[in-house]
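S.K.: No sequence on hand, only this structure:
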């Protein structure tokens, strides 16, 4: 094609000599007659639209997979939310529409078949015991399932081309995180097991509304070391009882700033001595209590050492709502859910209840025990 255009253009330019007035117009006429501009238009415009549609469908599949995974992590597994996420990522190119061909995965979602070798395949289903969802998206417009061409149909021999059905797929997983950023306060496994009835009873999480404030019976007292009280009346091993932290330690973990601590999946983390909360923790706890916010707390299986040498062994991560606290006489707030919860004098405690929630942007992988805190991640 290039040789043909050059051969046609050179005689025209020779006739024009040094005067190039009109040369561009003549050259364009030659290019149109030879079909070159139509070919370039098909390449730039039509291929560009296909690329844009592919990117939008992939964004929609990613968002939809994460959205379905979030719903599953919270116990509902709403496959229907995929359509809304897919459409929200579409543009005027397809009339703000996208097709959702298949939502499959763990449990009630129904199993997915393996990859076929196509570029738009999702990864193979993960191993047994891993919760996942695949979302397959494809072109959808107000008039059909093909992205119509602009120039491509005008090319010689291409008059029957009606458009392309573009496709994409995304996979997401959900489960308990193996690492997390949490509030710098820890609770015993015994407290969690007793107050959740072995992980079967959780209050509805905030915000309220739209969710319903739980009954006062869900609200409990978490005693700190040296305080009178136990979750079980002696029914748990000593190092698992509420209020049974190491000597000189009061349930605080090492504070890396803003009353937070990062705990990785290596299974251990350090404690911090003393009853008073740091100024960071006082600010954070007061704000969480006042706004009824969800916090994430590490749950320990065992504790050893003393003072600054205290070491906890991680069981997992729980979701918790602080309803009140009495940590020294000056740092106190009444329980907004159950006013009958009262710690006084040298009884140091935090009131609250366990619920379920999603840790945003988990810094590590999944695979911890399900204690109420969950995470989702895009895996393909």
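M.R.: Looks like it arrived, so ask away. Keep in mind that what you see is a predicted model, and the values were worked out from it rather than measured.

S.K.: If I follow the layout properly, residue 199 ends up in contact with residue 189?
M.R.: No. Between residue 199 and residue 189 there is no contact under C-beta atoms under 8 Å: 10.9 Å. From N, CA and C alone the C-beta is placed, and that goes for glycine too.

S.K.: Between those two, which is the more surrounded one?
M.R.: Using other C-beta atoms under 10 Å as the criterion, residue 199 and residue 189 rank with residue 189 on top: 23 against 14.

S.K.: dump the residue contacts of the more buried one.
M.R.: 240, 299-301, 315 (C-beta atoms under 8 Å, 6 or more residues apart in numbering).

S.K.: so where do the strands sit in the stretch 251-380 of the chain?
M.R.: 260-263, 268-273, 294-304, 311-327, 331-333, 349-355, 357-358, 373-378 (DSSP state E, counting those that start in this stretch).

S.K.: would CSV of those with mean pLDDT be doable?
M.R.: Output for the strands of the stretch 251-380 of the chain, formatted as CSV (pLDDT from 0 to 100):
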stretch, mean pLDDT
strand 260-263, 89
strand 268-273, 82
strand 294-304, 89
strand 311-327, 93
strand 331-333, 93
strand 349-355, 93
strand 357-358, 92
strand 373-378, 93
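
S.K.: Can you say which of those strands is nearest to residue 167?
M.R.: Across the strands of the stretch 251-380 of the chain, residue 167 has its closest neighbour in strand 373-378 (17.8 Å, C-beta to C-beta).

S.K.: The closest one: how far from the chain's middle?
M.R.: 5 Å (C-alpha atoms, centre = their mean, to the nearest Å).

S.K.: Next, the angle strand 294-304 makes with that strand.
M.R.: With axes from the mean of the first three to the mean of the last three C-alpha atoms, to 10 degrees defining the directions, strand 373-378 sits at 110 degrees from strand 294-304.

S.K.: ok, and what's touching strand 373-378?
M.R.: Residues from elsewhere that reach strand 373-378 (C-beta under 8 Å, 6+ apart): 62, 65-66, 69-70, 73-74, 170-177, 180, 296, 316-319, 356-359, 362, 365-366.

S.K.: Any quick PyMOL command for the buried ones out of the residues you listed?
M.R.: A single PyMOL command selects the buried members of those (16 or more other C-beta atoms under 10 Å):
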select buried, resi 62+65+66+69+70+73+170+171+172+173+174+175+176+177+180+296+316+317+318+319+356+357+358+359+362+366
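
S.K.: Counting only helices, which of the contacts of strand 373-378 make the cut?
M.R.: Among those, the members falling in helices (DSSP state H) are 62, 65-66, 69-70, 73.

S.K.: Make a markdown table from the strands of the stretch 251-380 of the chain and add distance to residue 105 to it.
M.R.: A markdown table is the format used below for those (distance: least, C-beta to C-beta, whole Å):
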| stretch | distance to residue 105 |
| --- | --- |
| strand 260-263 | 29 |
| strand 268-273 | 33 |
| strand 294-304 | 25 |
| strand 311-327 | 23 |
| strand 331-333 | 43 |
| strand 349-355 | 25 |
| strand 357-358 | 17 |
| strand 373-378 | 12 |
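
S.K.: Those strands: which one's closest to residue 138?
M.R.: Nearest to residue 138, of these and by C-beta to C-beta, is strand 373-378 at 19.2 Å.

S.K.: partners of the closest one, with directions?
M.R.: Looking at strand 373-378 with DSSP bridges, its partner strands are strand 167-175 (antiparallel), strand 357-358 (parallel).

S.K.: Contacts only, for residue 256.
M.R.: Counting by C-beta under 8 Å, 6+ apart, residue 256 has contacts 184, 262.

S.K.: any idea how far it lies from residue 52?
M.R.: Per C-beta to C-beta, to the nearest Å, residue 256 is found 43 Å from residue 52.

S.K.: Is residue 85 in a helix, a strand, or coil?
M.R.: helix (DSSP: H, G, I helix; E, B strand; the rest coil).

S.K.: Domain map for this structure?
M.R.: 2-34, 36-175, 180-375 (automatic domain parsing).

S.K.: Worst mean pLDDT among these?
M.R.: Note on the domains of the chain: domain 2-34 shows the lowest mean pLDDT, a mean of 44.

S.K.: Show the contacting residues for residue 324.
M.R.: So residue 324 contacts 289, 333-337, 341, 350-352 (C-beta under 8 Å, 6+ apart).

S.K.: same thing with residue 63?
M.R.: Counting by C-beta under 8 Å, 6+ apart, the residues that residue 63 touches are 85-86, 88-89.

S.K.: Now, of those residues, which are buried?
M.R.: 85-86, 89.

S.K.: In TSV, list the ones in helices among the contacts of strand 373-378 along with distance to residue 114.
M.R.: Shown next, in TSV, are these (distance: C-beta to C-beta, whole Å):
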residue	distance to residue 114
62	21
65	17
66	22
69	20
70	25
73	24
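
S.K.: Between those residues, which sits nearest residue 146?
M.R.: Lowest distance from residue 146 to these (C-beta to C-beta) belongs to residue 62, with 23.1 Å.
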